[in-house]
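Asks: The sequence isn't on hand, but the structure is:
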């Protein structure tokens, strides 16, 4: 089995590219995750995981990195696209937190919704919520654009 | 590399939620998989894997859990949605089995199809099929609903 | 954490099936990856990874196999479908390479695009590109067909 991660980083990126996959790849580089292999997962924060800045974490090149992410792309010039991620931290740090992701057009709308999604997830669990951390990014597409926001899980 | 799992659990869940992702999250909780990180995979049963009840398996909170799943959501009030998963067990337990997933509206239809998919997968492999185990769930959407059925792979 | 893979294989497959998932499953068998559990990832070649033939690699039955892949299916009789994957190898083998995947109708078109995607990814990184390796497959759908091309990452 794979060990449960014990740190997390919130990251965001936006970029243009010639194809949708290139735009996605470039938005990963912009977010500081380029040159890693992302393993997308459903989205729980392990108990007592500590936050780190992505700049302080040494992800191995080509390594397999678990994460939860929001991503959207657009090939419509002038269209706004936004991605946001929110993490809910429980009062009791022996309990897991929740990660929610959302993507749409206006960042204000996207970030409001993704934070509400965390509130709902804690209410459904009847778990006390201590704090919500969120991060998001908005970009006006020129030709072919991607926005990306993620909670990366890792080890230290 | 990740070790090959040696046990599996069949689970199912259905729930409402304020958003599609919240409904999905709630259906995972209903299935007994809440508070884990699901890593979706294509869908083979490792040779000689033993079945366990999810209630008897201690999945770590926030842990990375490999699984194959069917999932569908709907925001149409009154619409039926169904998810089912089927596992084909080979006669020769040194050979791998097959996991198939399907989702649509009526459970009777979905479960018939997913079981036939296992029959087809064994025929294509010219492998003798001993038994099919399947599990499914049907739900009538109120506002925003999700159904979920999975074969979880794990270790003991 | 999961160790970073150090070998890769380029594979391709095409097949018909009674359902889209069966056609996909059959195309995996055709590619030599049947009977494994595929974990799809975003798509970086670890530094100095060596190429192997899939025939020379002993993937465990039911094992969890990281890979990047292109896949398309069609239920339109007579429709051509194609999947291709390209790997960019850097001049400096202490740096990671890039894997790009694309799928559409004509293989000539798909393979040209996927190779250009690698060129773009290296240019965006300002990294010197030594060589592109690509593999692709085209199939004319009869009833329900799938094509598949992948870069499988593994260990030796």
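Replies: Structure's in. What do you need? Just so you know, these numbers come straight off a predicted model, no measurement behind them.
Asks: what's the neighbour count on the one residue in chain A that gets nearest to chain B?
Replies: The nearest approach of chain A to chain B comes at residue A:46, 2.9 Å away (C-beta to the nearest C-beta). From N, CA and C alone the C-beta is placed, and that goes for glycine too. Residues lying near residue A:46 (other C-beta atoms under 10 Å in any protein chain shown) number 22.
Asks: With the one 10 residues further on instead?
Replies: The number of residues packed near residue A:56 is 9, by other C-beta under 10 Å.
Asks: again, but for residue A:23
Replies: When counting by other C-beta under 10 Å, one arrives at 27 neighbours for residue A:23.
Asks: Would you mark the buried spots in the host helix or strand of it?
Replies: Residue A:23 belongs to helix A:20-31 when elements are defined using DSSP states H and E. Residues A:20, A:21, A:22, A:23, A:24, A:25, A:26, A:27, A:28, A:30, A:31 are the ones in helix A:20-31 that count as buried (16 or more other C-beta atoms under 10 Å in any protein chain shown).
Asks: Just give the nearest non-adjacent residue to the third one, would you?
Replies: Spatial nearest neighbour of residue A:22, chain neighbours left out: residue C:120 (5.0 Å); criterion: C-beta to C-beta, 6 or more residues apart in numbering or on different chains.
Asks: What helices and strands are in contact with the helix or strand containing that neighbour?
Replies: Secondary structure assigned from DSSP H and E places residue C:120 in helix C:107-125. Helices and strands touching helix C:107-125, by 3 or more C-beta pairs under 8 Å, 6 or more residues apart in numbering or on different chains; DSSP states H and E, are helix A:20-31, strand C:80-90, strand C:97-104, strand C:129-140.
Asks: Residue A:79 is nearest to which of these?
Replies: Nearest to residue A:79, of all the helices and strands packed on helix C:107-125, is helix A:20-31, at 12.9 Å by C-beta to C-beta.
Asks: Report the inter-axis angle for the closest one versus helix C:107-125.
Replies: Relative orientation of helix A:20-31 and helix C:107-125, computed by axes from the mean of the first three to the mean of the last three C-alpha atoms, to 10 degrees: 20 degrees.
Asks: List of residues touching helix A:20-31?
Replies: A:11-17, A:34-36, A:38, A:54, A:71, A:73, A:75, A:144-150, C:42, C:98, C:100-102, C:117, C:120-121, C:124-125 (C-beta atoms under 8 Å, 6 or more residues apart in numbering or on different chains).
Asks: OK, now which residue of chain A is nearest to chain C?
Replies: For chain A, C-beta to the nearest C-beta, closest residue to chain C: residue A:62, 2.8 Å.
Asks: buried set for stretch A:84-103?
Replies: Across stretch A:84-103, burial judged by 16+ other C-beta under 10 Å covers A:84-90, A:95-103.
Asks: Kindly report the same for stretch A:35-55.
Replies: Neighbour-count burial for stretch A:35-55, counted by 16+ other C-beta under 10 Å, picks out A:35-49, A:54.
Asks: and it, is it in reach of chain C?
Replies: Yes: residues of stretch A:35-55 are located near chain C by C-beta under 8 Å from any C-beta of the partner chain, namely A:35, A:36, A:37, A:38, A:39.
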